[in-house]
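# sequence? don't have it. structure:
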């Protein structure tokens, strides 16, 4: 999804402040280098939406929320028909 940030409707923050707004993992804040990687290279086919202004990269609180929700929503699930096919193949192999 290539959505653009609308700075007139969203709350912008510098990328350096993102770790304060992301839930902690194993009791630690997400490192800035992780956030930078989300914004530049992305992860699992999606990127954190950002804009550059005056040499500083910004994102929005709403972009962070969208990014985190797509991370949760994109957890792969195996359909029931595929589960049945896998089970049949395992049974046929005697496993």
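Looks like it came in fine. Computed from a predicted structure; not experimentally measured.
# from residue 67, how far off is residue 48?
Distance of residue 48 to residue 67, computed by C-beta to C-beta, to the nearest Å: 5 Å. For glycine as for every other residue, the C-beta is placed from the backbone atoms N, C-alpha and C.
# what strand or helix carries residue 7?
For residue 7, there is no host helix or strand (DSSP states H and E).
# is it in contact with residue 60, as I believe?
Yes: with contact defined as C-beta atoms under 8 Å, residue 7 and residue 60 form a contacting pair (7.4 Å).
# okay, the two: which has more neighbours?
Just comparing residue 7 and residue 60: by other C-beta atoms under 10 Å the higher neighbour count belongs to residue 60, 20 against 12.
# beta-bridge partners for the more buried one, please?
Beta-bridge pairing for residue 60 (DSSP bridges): residue 12.
# check contacts around it.
By C-beta atoms under 8 Å, 6 or more residues apart in numbering, the contact list for residue 60 reads 5, 7, 10-13, 49.
# and the helices in this structure?
Remark: helices assigned in the chain by DSSP state H are 18-21, 32-40, 61-73, 80-92.
# list the contacts for residue 88?
Taking C-beta under 8 Å, 6+ apart, one finds nothing in contact with residue 88.
# if I pick residue 19, what's in contact with it?
If you count contacts by C-beta under 8 Å, 6+ apart, residue 19 has them with 29-32, 35.
# how about stretch 40-50: buried residues?
By neighbour count on 16 or more other C-beta atoms under 10 Å, the buried set for stretch 40-50 is 47-50.
# tell me the one of the contacts of residue 19 nearest residue 90?
Using C-beta to C-beta, residue 30 comes nearest to residue 90 of these, at 39.0 Å.
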